[in-house]
Each structure stands twice: as structure tokens, then as C-alpha cells.
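Student: Coordinates only, no sequence provided:
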């Protein structure tokens, strides 16, 4: 009996030991890689120029109606399909002169100009400290030039110079504090544009995707440089850089959008209780898009004639069903709008929705964004850079691309072609 008991103990011990050693391996997450084919210098230049001009096109298409509601846009212009006269007062964040020609751009394009200079100056040595110093140097030199050769009896001569200070001084305050200490930086960043989740990094972060070696590097570089962003706005700014990189090597817009979910090097998705807010916004945008398709199908098969009449904007180039689907999405976006139109979360939602709706078509995407309103020039500038990187300059709408080049060069003094050559020379020997 004793021997049987001992054998039972041995059996139980070995059984427990064996079961405790059972191990089911967890998946090993690897970096999201885009197997990019090497681009020739000519092809790379075409995509860089496409990104810069595509962004300028989006900026210019929204410049005249920035912050408008879509009904006001329809009353004034019908359905916008190209450039409209920039009939508005000058402002630091807008155009720097009153009532400019169609094709004029705002601070969205000025930031691209500034970023080319920063990337060219530092090349492989870019860093947040260099970036902060670059901004404060620009601010300091501009401020010092404010009073040079000014005729005090002609106050109007100060206007143009004051605009150049006003548009950057809010940024310079944070950049100076970044170089000072952590406490000063936190205080300055937390009051940046009133302490709201503004779209700061989104004005320049896609540029990092044009020179990165992979999507995660693009994300991390943008993240490090998003010194003006708060909370998940840093994630959103960084995603657009990763998406821009993907667009350089992928033609399918769904592949570009997929980057937003698969590139998460700092594990926002693991956030306790909340998860990744940018992913939740994108997921909601996907659902809205597919709901709009179902709504369109229901209207199409309605044989009873019980459909309410709907005003279609003058100049709308598609069918009534197309407009009903588009208006369905607009209404859904409006329900989720934030207190300020330049909230990073709102801009991300409109951007993702527009790229999904446009299916990679440049015209359709730009028109969707611009005719919705809100901060339409910024959203369109980001989308234009992504799609311009995808298509290249040679495949952008000819009339829009040529006019954007001309107006920026001749009226605004920003030569996008020269900037593209400068970026290409810095990246490709």
C-alpha cells in the first residue's frame, strides 16, 4: 500500500511538472516594412515635386473658403473643382496680402518651404533640438529685420513684416522654451494656441516621410519633431509622415491607409482603457464610408418616389446619388466636429474619410475636402502631399499643377520646383 502511495505521488509530481512546462508562444510583432523599390533620381524628384505641388494645390483650393461651412461655400461658389480667387483679408496664418489671385496659398505651404530649408541644412543630423534652434533662428532674424529701412511716417510699410513675425511667434515661444528646460517647455507647449489639441505637427510632419528609409523611421522622426503637439496629436502627426512614406512606394490608397493601423512603434494601442484614439477615429471613418454606400443603395432601389428633394450644388460634376452619398458623409463628419476646426482629431477624421472616399483619385479627394469646409486648406494640403507623393508631379491634374507652380513662384515668391531640386540633391547624390 505504501509503495502504491509513493508511486501516486511521483506520478502527480511529474504530471504537474510536465503540465507547467506547456508554453504557447506569443506572436512577435515586427516592424511594418514597405518593400520599396529604389527610385531613380528622376523618379524621386518627380514624387518630391508631386508632394510639394499636390500640397500647394490643396492649400490653394481651400484658401478662399478656409473655416467656412459647406452651405456658405455652395452659396458663394457652388461646387468648387479648382482654384477660386482668394478674396479675403491678409492674416498671419492665411495669405500675407489682401485679395490674391486663384492659386495663392497660406501658412501650410510656407511651412513646407521652411521644412525644405531645415532638411537641407541638417540633412542626416536632424533632431528636435536642431529643429527648435532652426525655428528660433528664423524668428530672431525676421524680428531683427523688422525695423530695418522702415520709414516711420509710412506705417503701412510695416504690415508685410509684421505678418512674418505674427505667423511664427507662437511657435518660437515653444521653441525657445524647448531649449531652456523641461518646466519652461511644458508650460509653453501647454498654452500653445490656447492649450487646445491643435494641428501643429500636421502642418510639417508629412515632409519627414519624403526622406525616410521606412515607415517606422518616418513615424519616429516626426514624433520627435512634434514638439508643439499634445497627447494623441503627436500620434496623428507621426502617422501622416508614415503614410507619406508609404505613398512614395505604393499606388493603392488602402495600402497607404493601412499604415495608420500597422505603424505604432510607441504602442498607443496598448493604452489602458482607451487604446489608440487615432485608430478609433479611423475605424469610425471606415464605418461611416460603408454606411454611406448602403444608404446610397437603399435610395437607388426606392421605387416609391418618397425621397426628399435635395439641393445639389451648382457645378457638381457627378450624379444625384453621388451627391446624396457625399452629403451623408458630410453630415456624419459634422456630428463629430470639435470646438475648433483645426483640432488634430477632426483634421485626421476628415483626412482619413476623404482618402477612403476618393479611392486615390486626386481631384475627387481634393473636392471632397474643400467643399466640406472647416479647416479645409490644411486637410487638403496634407491629402495633396500624400497623393502627390503617390502619383508624382507628372500625374497631377495639368492645369492645377502648372497654375500652382506659377502663382507660388510669381506672386508668393515660393519656387516649388527649386525646393524639390533642393530636397532631391540632399537625398540622392
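Tutor: Here it is on my side, so go on. Keep in mind the model is a prediction, meaning the values are calculated, not measured. Numbers count the residues shown, from 1 in each chain.
Student: For the helix or strand harbouring residue 56, what does the pLDDT average out to?
Tutor: Assigned by DSSP states H and E, residue 56 belongs to helix 41-63. Rounded to a whole number, the mean pLDDT of helix 41-63 is 97.
Student: Now do that helix: which elements does it pack against?
Tutor: When contacts are defined as 3 or more CB pairs under 8 Å, 6 or more residues apart in numbering; DSSP states H and E, helix 41-63 packs onto helix 107-122, helix 362-372, helix 376-391, helix 398-410, helix 416-427. The C-beta positions use only the backbone N, C-alpha and C, and glycine is treated the same way.
Student: any chance of those helices in JSON lines, with mean pLDDT too?
Tutor: Output for the helices and strands packed on helix 41-63, formatted as JSON lines (pLDDT from 0 to 100):
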{"stretch": "helix 107-122", "mean pLDDT": "96"}
{"stretch": "helix 362-372", "mean pLDDT": "98"}
{"stretch": "helix 376-391", "mean pLDDT": "98"}
{"stretch": "helix 398-410", "mean pLDDT": "98"}
{"stretch": "helix 416-427", "mean pLDDT": "93"}
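Student: for the ones you listed, which one sits closest to residue 101?
Tutor: Across these, the minimum distance to residue 101, taken as CB to CB, is reached by helix 398-410, at 5.9 Å.
Student: Now the closest one: buried residues?
Tutor: Applying a neighbour-count criterion of 16 or more other CB atoms under 10 Å, one finds 400-401, 403-405, 407-408 buried in helix 398-410.
Student: Near the residue nearest to residue 196 when sequence neighbours are not counted, how many other residues are there?
Tutor: In space, residue 196 comes closest to residue 340 once its chain neighbours are excluded; the distance is 5.6 Å by CB to CB, 6 or more residues apart in numbering. Around residue 340 sit 16 other residues, with neighbours defined as other CB atoms under 10 Å.
Student: what separates residue 340 from residue 88, distance-wise?
Tutor: Distance, residue 340 to residue 88, by CB to CB, to the nearest Å: 19 Å.
Student: Can you report phi and psi for residue 86?
Tutor: With angles defined as degrees, to the nearest 10, residue 86 shows backbone torsions of phi -80, psi 70.
Student: ok, what's across the strand from it?
Tutor: For residue 86, the beta-bridge partners under DSSP bridges are residue 100.
Student: re earlier: can you check which of the helices and strands packed on helix 41-63 gets nearest to residue 294?
Tutor: Taking CB to CB, helix 362-372 is the member of the helices and strands packed on helix 41-63 nearest to residue 294, at 18.7 Å.
Student: for the stretch 1-150 of the chain, what are the low-confidence residue spans?
Tutor: Counting by pLDDT under 70, the stretch 1-150 of the chain shows low-confidence ranges at 1-20, 35-37, 149-150.
Student: Over to the stretch 201-350 of the chain?
Tutor: Judged by pLDDT under 70, the stretch 201-350 of the chain has its weakly predicted residues at 302-309.
Student: Nearest to residue 163 among the buried residues of helix 398-410?
Tutor: Of the buried residues of helix 398-410, the one sitting nearest to residue 163 (CB to CB) turns out to be residue 408, at 16.8 Å.
Student: correct me, but that closest one touches residue 415?
Tutor: Yes: Residue 408 sits in contact with residue 415 when judged by CB atoms under 8 Å, with a separation of 7.3 Å.
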